[in-house]
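Trainee: based on what follows, work out the 3D shape:
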Amino acid sequence: MNQTIIAPQEASRRRRLVYASCQGVLSEKDSLTMVALCDSNFSQVETFTPFRFFKEAQTRFNLSATLVKTLMQRFNESQQISLDQLVDPTPSAMSASMPAGGPGSIAGYNDGTKTAEQIVFEQLVARLFSYLQLQQQPNVKNYLSGVLSKSKMPQAAKTVLVDSLQVGVFSPSAQKLASPEMIAVLDVLYSSYCELYGPVQADQIFSSIMSEVEMNVPEARQYSPRQFL
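Mentor: Reported below is the predicted structural model:
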């Protein structure tokens, strides 16, 4: 790759677009790992194309072809959004997401430590959080905060939601949730969606997001997201 001097504004633009393309598809940690790859290998490439970047990510992290296609599509869609509306991840957040020695593996795709159920759950909840646009809608964030403060759901499930609510995007727990705890998370989100959008639209949103997970997450062939219903 030819190296050149890229203005800080252009490097920021690339980070923002990569981060936006990963939100709702990958976990927060994995999204930041992708941004770290962009900064380390593509920040000084004169001509940046999503095809080259995501193909490099596919090779490094063993991503599925379907996932890469989805990420590239979301990258192109993000280019239609004003840059000042896209988040530029802070260097400290990116550094915290990376294991020693540089970008690590994308969780759930090649590290072998997560079950299909866990991966599908995380991808489903990440999309549900992304749809809420918590960073742009503080009223929704405040509403969910109130719901969680009164909820009697299992503590492990509540902790995942509270931590995710604080950063505005889904942040998977390092501790694997049991099946009943995963269902509790989705029950609270579904109830909240019903309050926010009405039961009919909530059903439509959930069905659409589940279909997206079924199509784009390879592990959904082993564990359908509809099994959480």
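
Trainee: just checking, next helix/strand downstream of the lowest-mean-pLDDT helix or strand in the chain?
Mentor: Confidence across the helices and strands of the chain bottoms out at helix 91-97, with a mean of 45, counting by mean pLDDT, DSSP states H and E. Past helix 91-97, further along toward the C-terminus, the next helix or strand under DSSP states H and E is helix 116-132.

Trainee: which other helices and strands contact that following helix?
Mentor: Counting by 3 or more CB pairs under 8 Å, 6 or more residues apart in numbering; DSSP states H and E, the packing neighbours recorded for helix 116-132 are helix 179-197, helix 199-216. For the C-beta atoms, the positions are set from N, CA and C on the backbone; glycine is no exception.

Trainee: can you list contacts of it?
Mentor: 23-27, 107-108, 114, 140, 144, 164, 168-170, 172, 176-177, 179, 182, 185-186, 189, 193, 196, 205-206, 209-210, 212-213, 216-217, 219-220, 222-225, 227-228 (CB atoms under 8 Å, 6 or more residues apart in numbering).

Trainee: among those residues, which ones are buried?
Mentor: 23-27, 107-108, 114, 144, 164, 168-170, 172, 177, 182, 185-186, 189, 193, 196, 205-206, 209-210, 212-213, 216-217, 219-220, 223-225, 228 (16 or more other CB atoms under 10 Å).

Trainee: flag the shaky bits of the protein, pLDDT-wise.
Mentor: 1-7, 90-113, 173-175 (pLDDT under 70).

Trainee: which residue is the nearest non-sequential neighbour of residue 133?
Mentor: Closest residue to residue 133 in three dimensions, ignoring its sequence neighbours and counting by CB to CB, 6 or more residues apart in numbering: residue 140, at 7.5 Å.

Trainee: repeat that for residue 22.
Mentor: Nearest-residue entry for residue 22: residue 31, 3.7 Å, with adjacent residues in sequence omitted and distances by CB to CB, 6+ apart.

Trainee: contacting residues for the one you found?
Mentor: Contact analysis of residue 31 by CB under 8 Å, 6+ apart lists 19, 22, 23, 89, 169.

Trainee: surely the last one meets residue 134?
Mentor: Yes - using CB atoms under 8 Å, residue 169 makes contact with residue 134 at a distance of 7.4 Å.

Trainee: reformat the helices and strands packed on helix 116-132 as a markdown table; add distance to residue 36.
Mentor: Output for these, formatted as a markdown table (distance: least, CB to CB, whole Å):
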| stretch | distance to residue 36 |
| --- | --- |
| helix 179-197 | 28 |
| helix 199-216 | 23 |
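
Trainee: for those, which one sits closest to residue 71?
Mentor: Between residue 71 and the helices and strands packed on helix 116-132, the tightest spacing by CB to CB is seen for helix 199-216, at 9.4 Å.

Trainee: and the angle for that closest one with helix 116-132?
Mentor: Here the directions of helix 199-216 and helix 116-132 differ by 130 degrees (axes from the mean of the first three to the mean of the last three CA atoms, to 10 degrees).

Trainee: circling back: which secondary structure elements does the helix or strand containing the residue nearest to residue 133 contact?
Mentor: In the assignment (DSSP H and E), residue 140 maps to helix 138-150. Contact here means 3+ CB pairs under 8 Å, 6+ apart; on that basis helix 138-150 packs against helix 155-167, helix 179-197.
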